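> how does the following fold in three dimensions:
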Amino acid sequence: MSDPKDFMDDGPFPLNRRRLLLGASAGAAALALAASPFRRAFAKESLTVADPGGVWTPACDAAFVKPFAKEANIDINHIARTHYPTTEIKANVETKAYTWDVVIATASDVYELSPQHLLEPLDWSGEDMSEIMPTARKPDWMGTDVYATIIAYRTDKYGKNGPKSWADFWNVEKFPGRRAMHKHPIDTLEEALMADGVPMDKLYPLDVDRAFKKLDQIKPHVNVWWTGGAQTTQMLESGEVDMIPTWNARAQVVIEAGKPVEIEWNQGIYSMEGWVIPKGDPKAALGKKFIKFCANAKRQAAFATQLFYGPTNPKAYDFIPKDRVKYFPTAPENVKRMVLSSTEWWGTNKDKTLERFNAWLLS
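Residues are numbered from 1 along each chain as shown. The predicted model follows:
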């Protein structure tokens, strides 16, 4: 028989006191959990977005990541990816362990990945997506920006008479100083061939044997083999090197910071990079919405206003200061002095060329 003290007659439904106390404790705990920031985080969807890092990251964060996270009410884990993402994308798809939901890849990366069915098809519906220029449109890739590999040099070393061509870059007697080069064959082979006198319109298909013979000449004079864009910015800014091939925006931020650096556009090599989603990613639907957001003209203008790469939505130029556009690879005076990187050649030949390049570095 129950003890009468175990009951409280508080209204029409008698409650067991022990149950009431337990219920009150559980209710308080639930309220505390609901108020916890961890509880709020778990309630939101999340997305992992990977970009090339360095100065790319704050520009991407301001133009795309934070505005989309706010608009979609989600959490975004924004990270820097490895230098060329093809290997990790393959691993993501093969293992079904997705470290990235949306990632920046170059046009040549896509040429390699797409035939292997390693990328999700994108949703190309809507006004913003329809405005993307044709060369930046693939079923599984949306080009986001146009970038260029150029020569950057320190004017406190050479004045305004720095290297004007890749032949000058190779000329260690006329242009003595510390040099750095990209620890990757993409663009590096083109630089070697142009240094050896190959005209820009005759570069492809690349004469690989000729390129490596020319690289043999410069190899003893290369002080640093760089592996990432952020590294090139740091070396230019600190004066660790006097000349370097790098991506134009990586050098421009150093110039904007007031450092004595100049860009030489002659014989530059331009290409595009953009967003992809690894095939089978469980958050692909949300990733596609993020990519659509990045197609918007105002969003691309916000990115280009922070980082000197050309937008792929032509309407973005309506929102970009005119005096800034002259520093873009897409500016008429710049693009006419450069060559377009061959997506087809590199997409087909990258792996075997990279293997040979790495072996050459060790020889």
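> C-alpha from now on. contacts and neighbour counts both.
Will do.
> in the protein, which strand has the most residues?
Longest strand in the chain, counting residues (DSSP state E): strand 261-276.
> show the subsequent helix or strand relative to that strand.
helix 284-295 (DSSP states H and E).
> the helix or strand that comes right after that following helix packs against which elements?
Moving toward the C-terminus from helix 284-295, the next helix or strand (DSSP H and E) is helix 297-306. Judged by 3 or more Cα pairs under 8 Å, 6 or more residues apart in numbering; DSSP states H and E, helix 297-306 is in contact with helix 56-60, strand 310-311.
> where are the low-confidence patches of the stretch 101-250 of the chain?
Scanning the stretch 101-250 of the chain for pLDDT under 70 picks out no residues.
> all strands of it, in order?
Listed in chain order, the strands of the stretch 101-250 of the chain (DSSP state E, counting those that start in this stretch) span 102-106, 137-138, 141-154, 179-182, 222-226, 243-247.
> list the neighbouring strands of the third one plus their orientation.
Strand 141-154 sits in its sheet next to strand 137-138 (antiparallel), strand 243-247 (antiparallel), strand 261-276 (antiparallel), strand 310-311 (antiparallel), going by DSSP bridges.
> distance between it and the chain's centre?
The chain centre lies 11 Å from the centre of strand 141-154; the measure is Cα atoms, centre = their mean, to the nearest Å.
> same deal with the fifth one?
Relative to its parent chain, strand 222-226 has a centroid offset of 22 Å by Cα atoms, centre = their mean.
> check the shortest one too.
The chain centroid and the centroid of strand 137-138 are separated by 17 Å, computed with Cα atoms, centre = their mean.
> for stretch 217-229, buried residues please.
For stretch 217-229, burial by neighbour count (16 or more other Cα atoms under 10 Å) applies to 218-219, 224-226, 228-229.
> ok, of those, which one's closest to residue 117?
Comparing the buried residues of stretch 217-229 against residue 117 with Cα to Cα places residue 228 closest, at 27.4 Å.
> distance of the closest one from residue 80?
Residue 228 sits 11 Å away from residue 80, going by Cα to Cα, to the nearest Å.
> domains of this protein?
43-146+272-331, 147-271+340-362 (automatic domain parsing).
> now do the end-to-end distance for the last one.
Between the opening and closing residues of domain 147-271+340-362 lies a distance of 30 Å (Cα to Cα).
> can you check stretch 132-139 too?
Stretch 132-139 end-to-end distance (Cα to Cα) = 13 Å.
> same check on stretch 184-191?
Start to finish, the residues bounding stretch 184-191 are 12 Å apart (Cα to Cα).
> give me the contact list for it.
With Cα atoms under 8 Å, 6 or more residues apart in numbering as the test, stretch 184-191 has contacts from 149, 166, 181-182, 203, 206, 208, 211-212, 215, 227, 269, 341, 346, 350, 353-354, 357.
> list the contacts for the closest residue to residue 100 other than its chain neighbours?
If the residues on either side of it in the chain are set aside, residue 100 comes closest to residue 48, at 5.3 Å by Cα to Cα, 6 or more residues apart in numbering. By Cα under 8 Å, 6+ apart, the residues touching residue 48 are 76-79, 99-102.
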